[in-house]
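Novice: Let's see this in three dimensions:
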Amino acid sequence: MSDVDPRLGLTIVHRRYVPFSHAHYAGDLVDGAYGLGLFGDVATEMCIRTDGDEGLFASYSDVQFVAPVRAGDVVEVTATLVRLGRRSRELRFEVRVVCRARADAPPGRSDVLDPPVLATTATGTVVVPG
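Specialist: Numbering: from 1, shown residues only. Prediction:
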């Protein structure tokens, strides 16, 4: 009989189109806070699925902005449960760009990226009711 909690390793995945209204910088770049907001969304679903409560985001212990996210991208956001405390849950997050507009083509033309581009990683802690 294993003492490993079956919730460990659970991964939640969301995909989202990044609207042009979120571009803040030249080249249609989107600020890093956009990805952090998406991490909050996948963390909420994780808490609901594992504990039946939306939980609260407590902290990030690490955030790395690896590659740009641009308006017009389609991103895949994941949260994986890596540690369970009595009330705390440690999650690993990733944002990957899975589709991107083509700069060398007429507006609206996009490519599926294979492999996707890793844009942001983070580790965070959420808390749920005891």
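Novice: Could you look up the SS state of D41?
Specialist: Under DSSP: H, G, I helix; E, B strand; the rest coil, D41 falls in the helix class.
Novice: what about it, how many neighbours?
Specialist: As a burial measure, D41 scores 14 neighbours (other C-beta atoms under 10 Å). The C-beta positions use only the backbone N, C-alpha and C, and glycine is treated the same way.
Novice: Isn't L84 up against D5?
Specialist: Yes: A contact is recorded between L84 and D5 when judged using C-beta atoms under 8 Å, the distance being 5.4 Å.
Novice: Pick out whichever of these two has more residues nearby.
Specialist: Neighbours were counted for L84 and for D5 using other C-beta under 10 Å; L84 has more, 15 against 12.
Novice: Contacts only, for the more buried one.
Specialist: D5, R7, L8, E90 (C-beta atoms under 8 Å, 6 or more residues apart in numbering).
Novice: Is it possible to mark the buried ones in these?
Specialist: E90 (16 or more other C-beta atoms under 10 Å).
Novice: Least confident of the contacts of L84?
Specialist: Sorting those by pLDDT puts D5 at the bottom of the list (90).
Novice: helix, strand or coil for that one?
Specialist: coil.
Novice: Pull the contacting residues for it.
Specialist: Applying C-beta under 8 Å, 6+ apart, the residues near D5 are L84.
Novice: and if we set it to 10 Å?
Specialist: Neighbouring residues of D5 by C-beta atoms under 10 Å, 6 or more residues apart in numbering: T50, L81, R83, L84.
Novice: Nearest residue to the second one in space, please, no chain neighbours.
Specialist: Going back to what we said before, that points to L81. Once flanking residues are discounted, L81 sits nearest to L10: 4.8 Å by C-beta to C-beta, 6 or more residues apart in numbering.
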